[in-house]
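Asker: quick one, what's the 3D model for this:
(2 chains)
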2 protein chains.
Amino acid sequence: MKNILFSFFLADSLGKFPLAFWLVPVASVVALMMAWLFFRSMMGADEGSPRMREIAGHVRRGAMAYLKQQYKVVAIVFAVLALLFAFMAYGLHVQNTWVPFAFLTGGFFSGLAGFFGMKTATYASARTANAARKSLDGGLKIAFRSGAVMGLTVVGLGLLDIALWFLVLNRFDPNGLISITTTMLTFGMGASTQALFARVGGGIYTKAADVGADIVGKVEADIPEDDPRNPATIADNVGDNVGDVAGMGADLYESYCGSILSTAALGAVAFAGSAQEGMQMKAVIAPMLIAAVGVFLSIIGIYLVRTKEGATMRDLLRSLSVGTNVSAVLIAIATFAILYLLKIENWMGLSFSVVTGLAAGVIIGQATEYYTSHSYKPTQKISEAGLTGSATVIIKGIGTGMISTCIPVITIGVAIMLSYLCANGFNSTMSAEALSHGLYGIGIAAVGMLSTLGITLATDAYGPIADNAGGNAEMSELGEEVRHRTDALDALGNTTAATGKGFAIGSAALTALALLASYIEEVKIAMERAGMTLTNLKGDIIDASQASIPDFMNYFQVNLMNPRVLVGAFIGAMAAFLFCGLTMEAVGRAAQKMVEEVRRQFREIAGILEGKATPDYGRCVEISTRAAQHEMIFPSLLAIAIPIVVGCVLGVAGVLGLLVGGLAGGFTLAVFMANAGGAWDNAKKMVEEGNFGGKGSFAHKATIVGDTVGDPFKDTSGPSLNILIKLMSMVSIVMAGLTIAFS
Amino acid sequence: MKNILFSFFLADSLGKFPLAFWLVPVASVVALMMAWLFFRSMMGADEGSPRMREIAGHVRRGAMAYLKQQYKVVAIVFAVLALLFAFMAYGLHVQNTWVPFAFLTGGFFSGLAGFFGMKTATYASARTANAARKSLDGGLKIAFRSGAVMGLTVVGLGLLDIALWFLVLNRFDPNGLISITTTMLTFGMGASTQALFARVGGGIYTKAADVGADIVGKVEADIPEDDPRNPATIADNVGDNVGDVAGMGADLYESYCGSILSTAALGAVAFAGSAQEGMQMKAVIAPMLIAAVGVFLSIIGIYLVRTKEGATMRDLLRSLSVGTNVSAVLIAIATFAILYLLKIENWMGLSFSVVTGLAAGVIIGQATEYYTSHSYKPTQKISEAGLTGSATVIIKGIGTGMISTCIPVITIGVAIMLSYLCANGFNSTMSAEALSHGLYGIGIAAVGMLSTLGITLATDAYGPIADNAGGNAEMSELGEEVRHRTDALDALGNTTAATGKGFAIGSAALTALALLASYIEEVKIAMERAGMTLTNLKGDIIDASQASIPDFMNYFQVNLMNPRVLVGAFIGAMAAFLFCGLTMEAVGRAAQKMVEEVRRQFREIAGILEGKATPDYGRCVEISTRAAQHEMIFPSLLAIAIPIVVGCVLGVAGVLGLLVGGLAGGFTLAVFMANAGGAWDNAKKMVEEGNFGGKGSFAHKATIVGDTVGDPFKDTSGPSLNILIKLMSMVSIVMAGLTIAFS
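Answerer: The predicted structure follows:
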C-alpha cells in the first residue's frame, strides 16, 4: 500500500513526472464542476417578487454592460501588448517565443473567472434576499455558496491554465525544467494585466457611485443607504459587483497563479544540481500539488459553513471561521503528507515553511479584524472622535491606519525569515545553495497561504452578494425582519471583506517576493539568450547559465551602496504613492460628477424625494461606467511603464531597487489604506447602532465623512496596490530581455 | 597674489591643515555676532501698546515655560543615553571614548540655538505688528531679520561645534583623519536626539492647540482665527513658536551638521589613498569651507531683503527670492573658486555636484509651491471640491499630496545619480574608488543644498513671527489697515513655510544618504576595534581596515536577495508609517482634550463669547504643554529603539535594509504629508478670499475640515519624519559597535 502511494509520487527523469501530477488537472476539473453545481443550485432558488426581479435585473444589466465595456478596453491593451511581445520574441529575439500566446491565455482565463463570478453574484443577490424572507440560514447558504462559485472558478481556471501549459511545454520545450518554469512564469503577465484593469477600473466604478450616493443621499438629502429614491443607488449596487467580486477575483487569481508559478521556477533552480534523480521535477510540481489538494479541502470547508435561525453576529462569524480554519488545518497536515510522499529533500523543513505562510495569513487576518472591527478599541476611539467633529475622525482614522501597519509588516518579516530558514535547514551563510533553497521556501510559504483560496475567496465574494441582497431588500421594501436578516448577513460581509483584504495584500507581498527572486532567473535566461558571459565572485569569466545568485548580485552590484539601487528604491516607494494618488483623484473626480448628476435629478425631476417619480438610474450607471473606463487608463499604463523605463535607464540593479522599494512602501501603504478605510466604515456603523448619539447625530455626520473618505482608501487605492507590487515584478520579468539588451 | 591665495589653501601633511580652515571658526563667530546685532536692533524697536505687550508677554511666558519643561525631559534622556554611551565606550569597548562628551555638546548647542531662536521670535512678534502700523517694509524687516537671528544662530553654533571638535581631535587623536571624522560624525547623535524631541514635542504642542482652537472656534462658535475670545488662542500662538521656530531650527541644525560631518568622513575615506600630499585633509575640510563661505553669502542675502509700501504678494515673494537666490548663485560660484584653490582632485566635477544639490533644493521648493499654492491648479481643485463637501476635500487633498511626491522623488533621484557621477568622473564601474568618490559627491551635494541655510532658515523662521504678529494685531484690535499688512506678511509666511518644508525634507534625504554611506565606515572602525578580519572579494582574509566598500557589501551580503535586507526594508517603511501614526494619534488625543476645555470655558465662564469675560488662557497652554511632554516620549524612544533592535537581530545587512526602506518610504511619506497639509491650508484661504461662496459658505466649512486635518500632516507628522530618517542612520552609526559585537 505504502509503496503504491510512493510510486504515485515517483519522478524518475526529465519529461516524466509523477502520476500524482494528474491531481492538478483533476482538482481543476472538480473545482469547476462544483462551481457549476453551486451555480445551478442557486439558479434553482426563487428570485422573489416582480419588484425584486426588476431591481436585480437593473443591477445585472448594469454590471454586464460595464464588464463588456471594460473587456473591450482591455482587449485593445492586450492586443497591443501581445504584438509588442511578439515583436520582442520574433523580431528582437529578447523574449521567449511562447510568451505572446501564454500572455493571452492568462488574461483570458482571468477575465473568464471575473465574468462567471459576476454573473453568479448578480443572479444571487435577489435570491439571497428572497431566501432571507424565510430564514437566516437560507440566506447565508445562497450567498455563501454563490461566493464559492467565484472562489472555485478562480482556482479551477488557474490550475487548468497551469496544468495545460505545463503539459504542453513539458512535451515541446527541450530545454529542461528551468526553461519551462521561467517561461510559464511570464504567463502571469496576462493575469496581472487583466487584474490591474479589473481592480483599478472596478475600484473607481464602485467608489464613484458609492461616494456620490452617500454625499448627496445620506449627508444632503438625509435619506438612508440603498433608498430607491437615490438615483445613484443602482450604480452603487453594480459597483459592489464589479469592484468587490470581479476586481477581488482577478487580484487573487493573479496571486494564486503567480505564487505557484514563481515557486515552481524557484524550485527548478534550487534543485537543479540535486544528485537525486527527479528531485528537480518534484520541487517543480510540489507547489502545484499543494494547491490541488487545497481545492479538495476548500470544498470540504465550504460544506461546513452553515448557521441556524436567530444566529448572532458572533455565531455567523464562527460558522465562516469553522469553514476556513478547518480547511487551513487540513492543508497544513496534507502538506506534510505530500512532501513526505514526494520524498523531497528536507520535506519537514519545507512543510514548516508552508505552515509559516498559513499562519502569517491567519495573523494578518486577525490583526486586520482587531484594527477594523468596532468590537475593539481602535475603531471605538474613531467613533468617539466623532463627538469632536469630522476632522478628528479623519485624523484618528489615519493615525489608526498607520499604526495598524506594524503587526502585518512584522508578521510578513518573520514569515520571510522563518520560511527562508526552515527551507534551507537554518543555514544563514548566504551560499548559493542556502539562498536558492531559502527563496524556494519563501515561495512555497506564499503557496501555503493561498492554497485554500477556494474557500477564503468564497468568504470575500460573499460580502458584495450579501450587500446587494440588503440593497435589494431595501429597494423592494421587504419587511422589517427580512431587512434585519440581510443586515446581519451584510455586517458579516464587512468583516470578511476586511480580513479578506488583509489576506489579499499579505499574499500579494509574499508572491511579489517570490517573483523578485524569479526575476534574477529571467535575467540569467536573457543573458544566456544573448550569449553573454560574466565575471563570477571568484573572478573567473563564466557563462551566464553557470552563475549563481550571489554571482549575479555581485556582477550587477545589486547592493545598497549602489546609487542605482537607492534611486530605484526611491522611485518604487514613490510609484506606490503616485498610483494611489491618481486613483484617489480619479474617484474624487468621478464622485463629483455623480454628485452633480444626483443633485440635478433631485432638482429637475419633480417628486423624486417624495417617492412619486422614478429617478433616472441609467444615467448614473453610465457616469460610473464612463468615468471608470476613462480614469483607469493612465494609472494602469503608468504601472506598466515605470519598470520598463527604470530598467532601460538604471539597469538590473535599478529594477531590483524599484521592486524592493515598491514592495516595502506599497505593502505598508496598502495595509494603511485598507485598514483606515475599514475602521472608518465600522466606526460609522457603531454610531448607527446608537452609540455617541446614534443616527442623525453630530457624531453620525462626522463619521459619515470618515466612511466616505475611507471608501476609495479601502476599495480603490489600497487594493489596487496589491496589483501594482505584483505587476511591477511581472513586467520586470517579462522585460528582462529588454533590460539586458539596453544596459 | 595668486600664490598667496593658493598657499592659504595649502595642506601639507597630517595634523597641518590649510590656513583657510580658520575661515570656519571665523564664519561661525561672524554669524553669531550678526545674530546678536539683529537681535539688538529688533529689541530696540517699540513693542507697541500695553495691550500688545501684554499679549506678547503671555505668549513669551507660555513658550519659555514649555521650553523649560521640554529641556527637563530631554535632559533626562540625554543623561541616560550619555551614561549608556559611556558604558559602551569604557565598559564594553565597543564605542569611541570621545562620544559621550561629544554627544552632549551636540545636544547642548542645538538646544541653545532653539532657545535663542524662540526668545527672539517671541520678542519680535509684537514689534513686527507695531512696525506694521507704520509700514509694510518696517514689518517685513523686523520679522525677517528676527528670523535671520535663528538662521545665523543655527549655522554659527553648528560651525562652532564642528570647528572646536576638529581642532581638539586634530590635536589629540593620533589615528588619522578617518578616525577623527568618523568620531566627529557620532556627535551628530546629540543634535539628532535634541531635534527629535523638539520636532515631535513642538509639533504635537502646536497642532493640539491649533486643531482644538479651530474646531471649537471656527467651526462651532463661528469666531475668526486668533480671536481673543477663544481660550486656546494664546496656546495656538505659543505653538507656532515652539513648533515652527524651535522645532524647525533643531531639524535643520541636525541636517546642517550631519551633512558637513558625514561628507568630511566620506572625504577622508575617498582620498585616503591619494598620492598627493594633503589631499585627504583638503577633502575633509572642503565641506566645512563651503559652509563657512555660505555664511558670509547668506548675510549678504539677508541684507538684500526689503520691500516698499503697497507691495503685492508677488512683490513680497520676489523680495525674499532675491535674497535666497542671490545667495545660492554666489555660493555656486564660490564653490568653484574654493575647490579650485584647494587644488582638490576633480575640483570641477565636485563643484558640479554642489551645484546639483543647490539645484535640487530649488526644484523641490518650486514643486512644493506648485502643489501647495492656490495660484496653481492642484490647490484650486481642492477648493472647488469644497462645493461637494468635506469628504471630497479630504479625498482630493490626499490624492494631490500623493501625486506631489513624484517631482521631489525624481529630483532627488537625479541629484543622487548626477552628484555621484560628477564626483567620480562619470565612472559607473562601481569599483571601490569610483564608489567612494561618488559617495563623497552625494555628501557634498547635501552640503551645497544646505550651505545657504543662514538665509533659507531665516525665511522659514520668519513665518511664525509674522503669524504671531498677525495674532497680536488681531487680539490687540489694531486697525483694519494694520491687520491687512500683517495678513500680507502672514500669507507670505505660509508660502515660505511650504517651500521651507520641501527644503528641509530634501536636505534630510541627502543627508541621510550621506550618513548611510558613513555607516559602513563606522562598521569598519568597529571591526578594527574588535580586531576582526574578513574575506574580501578576491577571497583573501584581510584586516577590516584594508577592506573596501564592495568588500563589505559582499562580506555582509548587503544585496537585495538577502532576506535580512528585505525584512529590514519592510520594517523601515513601516517605521515611517508607525511613527506618523503615533504622532497623528497624539495630536488627535491632545486636540480632543483642548476641544473639551474650550467648550467647558464657553459653557462655564459667562460672557466669554460676548467679549465681556477673559478666558482662562493659561489652562489651555497647560493642556498643550502637558500633552506634548507626555505624547512625545513613546514615538521618540521607538525611533531610537528600532535601529538598535534591528541591528541586534538582523545584523549589518538588516540595518542597511532598514535605513534604505525608512529613507525611501519616509521621504515619500513626508513629502505627501507636508504637501497635502499645505494644499489644504491654502485651499481654505482661497475660499476665504471669496471663491466658491467665500467665508461662512458650505465650501468654507468643508475646506476648514481639510485645513484642520492638514495641520498635523504638515506641522507634526510630516516634519517629524525628517528627523526619523536622519536619526535612524545616526543611531545605527553610534550603535555600529554593538551591532558588530552581537552579530
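Asker: show me where the stretch 351-500 of chain A has its helices.
Answerer: With DSSP state H, counting those that start in this stretch as the criterion, the stretch 351-500 of chain A has helices at A:377-385, A:390-403, A:406-423, A:432-450, A:453-475, A:480-529.
Asker: so what's the gap between the last one and the chain middle?
Answerer: It stands for helix A:480-529. Distance of helix A:480-529 from the chain centroid (C-alpha atoms, centre = their mean, to the nearest Å) equals 3 Å.
Asker: C-terminal to that helix, what's the next element?
Answerer: strand A:533-535 (DSSP states H and E).
Asker: avg pLDDT for that next one?
Answerer: Taken as a whole, strand A:533-535 carries a mean pLDDT of 86.
Asker: do stretch A:444-459 as well
Answerer: Rounded mean pLDDT across stretch A:444-459 is 92.
Asker: give the buried residues for it.
Answerer: Applying a neighbour-count criterion of 16 or more other C-beta atoms under 10 Å in any protein chain shown, one finds A:444-459 buried in stretch A:444-459. Bear in mind the C-beta positions are built from the backbone N, C-alpha and C, glycine included.
Asker: now swap in stretch A:107-116 and tell me
Answerer: Buried-residue list, stretch A:107-116, by 16+ other C-beta under 10 Å: A:Gly107, A:Phe108, A:Phe109, A:Ser110, A:Gly111, A:Leu112, A:Ala113, A:Gly114, A:Phe115, A:Phe116.
Asker: the fourth one and A:Thr193: what is the separation?
Answerer: Using C-beta to C-beta, to the nearest Å, we find A:Ser110 at a distance of 9 Å from A:Thr193.
Asker: could you do the first one as well?
Answerer: Spatial separation of A:Gly107 from A:Thr193 under the definition C-beta to C-beta is 6 Å.
Asker: common neighbours of those two, please.
Answerer: Residues touching both A:Gly107 and A:Thr193 (C-beta atoms under 8 Å, 6 or more residues apart in numbering or on different chains): A:Val74, A:Phe78.
Asker: report the closest residue of the stretch 151-300 of chain A relative to chain B.
Answerer: A:Ile215 (5.5 Å; C-beta to the nearest C-beta).
Asker: checking that residue next. Helix, strand or coil?
Answerer: helix (DSSP: H, G, I helix; E, B strand; the rest coil).
Asker: residues in contact with it?
Answerer: Neighbouring residues of A:Ile215 by C-beta under 8 Å, 6+ apart: A:Ala591, A:Val595, A:Thr708, B:Thr388, B:Gly389, B:Ala391, B:Thr392.
Asker: run the last query once more with 7 Å
Answerer: A:Ala591, A:Val595, A:Thr708, B:Thr388, B:Gly389, B:Ala391 (C-beta atoms under 7 Å, 6 or more residues apart in numbering or on different chains).
Asker: in CSV: the helices of the stretch 351-500 of chain A, plus distance to A:Val660.
Answerer: As requested, the helices of the stretch 351-500 of chain A are exported to CSV (distance: least, C-beta to C-beta, whole Å):
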stretch, distance to A:Val660
helix A:377-385, 30
helix A:390-403, 21
helix A:406-423, 12
helix A:432-450, 14
helix A:453-475, 26
helix A:480-529, 7
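Asker: what's the local residue count around A:Val362?
Answerer: Applying other C-beta atoms under 10 Å in any protein chain shown, we find 18 residues neighbouring A:Val362.
Asker: and it, what is it in contact with?
Answerer: Listed by C-beta under 7 Å, 6+ apart, the contact set of A:Val362 reads A:Ala328.
Asker: measure it to chain B for me?
Answerer: Using C-beta to the nearest C-beta, to the nearest Å, we find A:Val362 at a distance of 19 Å from chain B.
Asker: circling back: max pairwise distance over the buried residues of stretch A:107-116: which two?
Answerer: A:Gly107 and A:Phe116 (15.2 Å; C-beta to C-beta).
Asker: check which residues of stretch A:261-278 are buried.
Answerer: Here stretch A:261-278 shows A:Leu261, A:Ser262, A:Thr263, A:Ala264, A:Ala265, A:Leu266, A:Gly267, A:Ala268, A:Val269, A:Ala270, A:Phe271, A:Gly278 as buried, counting by 16+ other C-beta under 10 Å.
Asker: send the alpha carbons of that stretch over as CSV?
Answerer: Extracted in CSV, the C-alpha atoms of stretch A:261-278 (Å, rounded to 0.1, in the frame of the first residue of the first chain):
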residue,chain,number,x,y,z
LEU,A,261,4.4,29.6,-11.0
SER,A,262,7.2,31.5,-9.3
THR,A,263,7.7,28.8,-6.7
ALA,A,264,7.9,26.2,-9.4
ALA,A,265,10.6,28.3,-11.1
LEU,A,266,12.5,28.8,-7.8
GLY,A,267,12.2,25.0,-7.2
ALA,A,268,13.7,24.2,-10.6
VAL,A,269,16.7,26.4,-9.8
ALA,A,270,17.1,25.3,-6.2
PHE,A,271,17.2,21.6,-7.1
ALA,A,272,18.9,21.9,-10.4
GLY,A,273,22.1,20.3,-9.1
SER,A,274,20.4,17.7,-6.9
ALA,A,275,22.1,14.4,-7.0
GLN,A,276,18.9,12.5,-6.6
GLU,A,277,17.0,11.7,-9.7
GLY,A,278,13.8,13.5,-10.3
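Asker: quick one: that stretch to chain centroid distance?
Answerer: Distance of stretch A:261-278 from the chain centroid (C-alpha atoms, centre = their mean) equals 27 Å.
Asker: and for stretch A:511-531?
Answerer: Here the centre of stretch A:511-531 is set off from its chain's centre by 23 Å, with C-alpha atoms, centre = their mean.
Asker: ok, stretch A:547-556 next?
Answerer: With C-alpha atoms, centre = their mean, you get 32 Å for stretch A:547-556.
Asker: go on, stretch A:28-42?
Answerer: Centroid separation for stretch A:28-42 versus its chain: 22 Å, with C-alpha atoms, centre = their mean.
Asker: got a list of contacts for that stretch?
Answerer: The contact list for stretch A:28-42, computed with C-beta under 7 Å, 6+ apart, reads A:120, A:123-124, A:127, A:142, A:145-146, A:148-149, A:152-153, A:155-156, A:159-160, A:163, A:295, A:299, A:454.
Asker: then stretch A:574-587?
Answerer: Contacts of stretch A:574-587 (C-beta under 7 Å, 6+ apart): A:200, A:203-204, A:207-208, A:211, A:631, A:634-635, A:638-639, A:642, A:662, A:665-666, A:669, A:673, A:712, A:716-717, A:720-721, A:724, B:395-396, B:398-399, B:402-403, B:405-406, B:409, B:668, B:672.
Asker: if I look at whatever residue of the stretch 501-650 of chain A ends up closest to chain B, how far off is A:Ala504?
Answerer: Relative to chain B, the nearest point of the stretch 501-650 of chain A is A:Gly581 (2.8 Å; C-beta to the nearest C-beta). According to C-beta to C-beta, A:Gly581 and A:Ala504 sit 21 Å apart.
Asker: ditto for A:Arg529
Answerer: For A:Arg529 relative to A:Ala504 (C-beta to C-beta), the value is 35 Å.
Asker: how big is the angle separating the helix or strand hosting A:Cys648 from helix A:377-385?
Answerer: Using DSSP H and E, the secondary-structure element containing A:Cys648 is helix A:617-688. Going by axes from the mean of the first three to the mean of the last three C-alpha atoms, to 10 degrees, helix A:617-688 is angled at 100 degrees with respect to helix A:377-385.
Asker: good, wrapping up.
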